[in-house]
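Colleague: okay, structure incoming, though there's no sequence with it:
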């Protein structure tokens, strides 16, 4: 039995009076590649914002690495944030810094390495994502796919236990998208990092997922959970089936 | 601190042994010094007693692997923990591309050349922008353009009523300061009543226009650059261009018209604000009778000074709006660029306003006005 790294209980997500997801219960096991999927406007990205602490839930709570995130004090939250990394849709690299400076930033902030070690760690992280030699490049000088990989290198800087991905395949060509999927699998397998991925890219979902939840924009609930291949074999309703088959019956 | 790494060199073989937890460790300098000074043929890494590891361990191993590959040293790893070998292979899988130009330092001469070329290019770009928009401005007086009425009215509101409170406050304060400064000398001769003339001539001829220009450059010119710059970052200007819409007509022209119209109006009100500021000092601080002050102010009010002030404001309107729009339209594609564009828009507007004032003053002096 795997240990749960995220455990959500009765979680409701939305903005003001607008509820996007209500009373969600789900668990993410250690070492999972957990997909949060669903159609546009179902609250996937908002759920991710709640899980990463960028916005509070409307109701309910969730535990992160065994700590109740809502009731954690600032120190606990800071510790938890060091154990999580996030890859945003655009990479969200700081444009005024080189790739090396982007990756070194969390290391300098939270670790007491000497500059030579930081340089070596930056070199390693960039090499892991296939960007060896690009240390002194600025984000504006590299392609979209490279920005995402550099963003992933930054997310991995502190050896996080969980890495969140917001639409990692968005805006990538099929080859770059497949390379990113492979990279995610390698990182999950070799570093035993739990990956929580928000996406509606079916090819990626079927290629990488070990577990998933489907958020239904109509009922505002989780209507399917488990391995996407298993869900596809036994879809609980027509909407899930249509989603997983790109609208084909 | 527990020693988690030990090494010894026998002949040309380096033996490395890791024990316990190798986490959050700095790179071992003595090991790399030893690597530099010894001609090695083999590195043996013993990981049998390694219990925990993190990226600092991977970084060290990765560095040793790279060194071994470069120097053709045989590297053998005993009992690597699960995942470690795979991660090292992953990191080594994509070598630095040969074509990826490592950022080379440019020579001094080359940098001077680049600087010169950049100045020339920006001058040419600015010249083209200036003339195409002045041309558009003239055309728009006689023909219909793609400018939307709502954009013009919105810009007019931004440049007019919304700017009025700060313009009035600043001009009142400038009038007040002029009066105080003038009073220091004029009081010596008992001629403090001429403060009214000093403030009136000073404000109407140039001070009001310059103060309004500086306020509007900081407030409205910066806002033009930031708005248009953000549109550039969001690819909205590209969208306009690909739809075949003239971006200058759509974005620059309404702002240009709005500022050219409002600048003289704001200057007129600033003249009034400045005279009131001077009056506050004259009447309340220097005990000049109310009627006396305004009589002298009225006598010092000449149409030519007033019109010179308005002409300055008219020219400043062009300078501020064109500077704001130019830097917005030529903004880069990242968040940093918007800040740079905004700063440049304000700085260039003020610099060109001062230059224009110098030229206008010289010309008017020659013309005897």
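Modeller: That came in fine, so what should we check first? Just so it is clear, the model here is predicted, and its values are computed rather than measured. Numbers count the residues shown, from 1 in each chain, chains lettered A, B, ... in the order given.
Colleague: okay but residue B:64 is in contact with residue B:75, surely?
Modeller: Yes - between residue B:64 and residue B:75 a contact is recorded at 6.8 Å, counting by C-beta atoms under 8 Å. Quick note: C-beta positions are derived from backbone N, CA and C, even for glycine.
Colleague: shared neighbours, the two?
Modeller: Residues touching both residue B:64 and residue B:75 (C-beta atoms under 8 Å, 6 or more residues apart in numbering or on different chains): B:43, B:45.
Colleague: of the two, who's got more company?
Modeller: Per other C-beta atoms under 10 Å in any protein chain shown, whichever of residue B:64 and residue B:75 has more neighbours is residue B:64, with 21 against 17.
Colleague: tell me the secondary structure for that one?
Modeller: helix (DSSP: H, G, I helix; E, B strand; the rest coil).
Colleague: name the element the residue nearest to it when sequence neighbours are not counted belongs to?
Modeller: Excluding its sequence neighbours, the residue lying closest to residue B:64 (C-beta to C-beta, 6 or more residues apart in numbering or on different chains) is residue B:43, at 6.3 Å. Residue B:43 is part of strand B:42-53, with elements assigned from DSSP states H and E.
Colleague: partner strands of that strand and their direction?
Modeller: For strand B:42-53, the paired strands and their directions (DSSP bridges) are strand B:13-22 (parallel), strand B:74-78 (parallel).
Colleague: which one of those strands is the most hemmed in?
Modeller: Between those, the one whose residues have the most neighbours on average, counting mean count of other C-beta atoms under 10 Å in any protein chain shown, is strand B:13-22 (a mean of 18).
Colleague: pull the residues that contact that strand.
Modeller: Outside of strand B:13-22, the residues that reach it under the criterion C-beta under 8 Å, 6+ apart are B:2-9, B:31, B:34-35, B:38, B:40-47, B:49-54, B:56-57, B:60, B:64.
Colleague: pull out the buried members of the residues you listed.
Modeller: Among those, those classed as buried by 16 or more other C-beta atoms under 10 Å in any protein chain shown are B:4-5, B:7, B:31, B:35, B:40, B:43, B:45-47, B:50, B:53-54, B:56-57, B:60, B:64.
Colleague: what residues does the stretch 251-369 of chain B have near chain A?
Modeller: Along the stretch 251-369 of chain B, the residues adjacent to chain A under the rule C-beta under 8 Å from any C-beta of the partner chain are B:332, B:333, B:334, B:335, B:336.
Colleague: roughly how far is whatever helix or strand the last one lives in from the heart of the chain?
Modeller: Element membership for residue B:336, per DSSP H and E: helix B:335-367. Using C-alpha atoms, centre = their mean, to the nearest Å, the mean C-alpha position of helix B:335-367 is found 15 Å from that of the whole chain.
Colleague: in that helix, what counts as buried?
Modeller: Along helix B:335-367, these residues count as buried under the neighbour rule (16+ other C-beta under 10 Å): B:336-338, B:341-342, B:344-346, B:348-350, B:352-353, B:356-357, B:360.
Colleague: A strand includes residue A:28, no?
Modeller: Yes - note on residue A:28: a strand contains this position according to three-state DSSP.
Colleague: state the pLDDT value of it.
Modeller: Residue A:28 is assigned a predicted lDDT (pLDDT) of 94.
Colleague: across the sheet, point out what pairs with it.
Modeller: residue A:6.
Colleague: quick check: it touching residue A:4?
Modeller: Yes - Residue A:28 sits in contact with residue A:4 when judged by C-beta under 8 Å, with a separation of 6.5 Å.
Colleague: would you format the strands paired with strand B:42-53 as CSV with distance to residue B:194 included?
Modeller: Formatted as CSV, the entries for the strands paired with strand B:42-53 read as follows, by distance: least, C-beta to C-beta, whole Å:
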stretch, distance to residue B:194
strand B:13-22, 85
strand B:74-78, 92
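Colleague: any idea which helix or strand comes after the longest helix belonging to chain A?
Modeller: Looking only at chain A and at elements set by DSSP state H, the helix with the highest residue count is helix A:174-191. As assigned by DSSP H and E, the chain's next helix or strand after helix A:174-191 is strand A:194-198.
Colleague: quick one: that following strand to helix A:174-191, angle?
Modeller: Angle, strand A:194-198 to helix A:174-191, by axes from the mean of the first three to the mean of the last three C-alpha atoms, to 10 degrees: 150 degrees.
Colleague: hmm, back to that, neighbour count: residue A:28 and residue A:4, which is higher?
Modeller: Ranked by neighbour count (other C-beta under 10 Å), residue A:28 and residue A:4 place residue A:28 first, with 24 against 18.
Colleague: contacts only, for the more buried one.
Modeller: Under the criterion of C-beta under 8 Å, 6+ apart, the neighbours of residue A:28 are A:4, A:5, A:6, A:7, A:34, A:162, A:194, A:196, A:211.
Colleague: which SS state does the closest residue to chain B within chain A fall under?
Modeller: When scored by C-beta to the nearest C-beta, chain A has residue A:133 as its residue closest to chain B, at 2.7 Å. Classification of residue A:133 by three-state DSSP places it in coil.
Colleague: so what are the domain limits for chain B?
Modeller: B:5-93, B:132-367 (automatic domain parsing).
Colleague: what's the closest non-adjacent residue to residue B:126?
Modeller: Nearest residue to residue B:126 in three dimensions, chain neighbours excluded: residue B:326, at 6.3 Å (C-beta to C-beta, 6+ apart).
Colleague: I'd say the one you found and residue B:129 touch.
Modeller: Yes - assessed by C-beta under 8 Å, residue B:326 is found in contact with residue B:129 at 5.1 Å.
Colleague: which one's more surrounded, those two?
Modeller: Set side by side, residue B:326 and residue B:129 show more neighbours around residue B:326, with 25 against 17, by other C-beta under 10 Å.
Colleague: what packs against the one helix or strand that one maps to?
Modeller: Using DSSP H and E, residue B:326 falls within helix B:303-329. Helix B:303-329 makes packing contacts with helix B:108-142, helix B:208-216, helix B:222-233, helix B:253-280, helix B:335-367 when contacts are defined by 3 or more C-beta pairs under 8 Å, 6 or more residues apart in numbering or on different chains; DSSP states H and E.
Colleague: who does the last one touch, helix- and strand-wise?
Modeller: Of the remaining helices and strands, those touching helix B:335-367 by 3+ C-beta pairs under 8 Å, 6+ apart are helix B:208-216, helix B:222-233, helix B:303-329.
Colleague: can you rerun that using 6 Å?
Modeller: Taking 3 or more C-beta pairs under 6 Å, 6 or more residues apart in numbering or on different chains; DSSP states H and E as contact, the helices and strands that helix B:335-367 lies on are helix B:222-233, helix B:303-329.
Colleague: for the residue most central in space within chain A, list each beta-bridge partner.
Modeller: With distances taken as C-alpha atoms, centre = their mean, residue A:164 lies nearest the centre of chain A, 1.9 Å away. With DSSP bridges applied, the residues forming beta bridges to residue A:164 are residue A:86, residue A:196.
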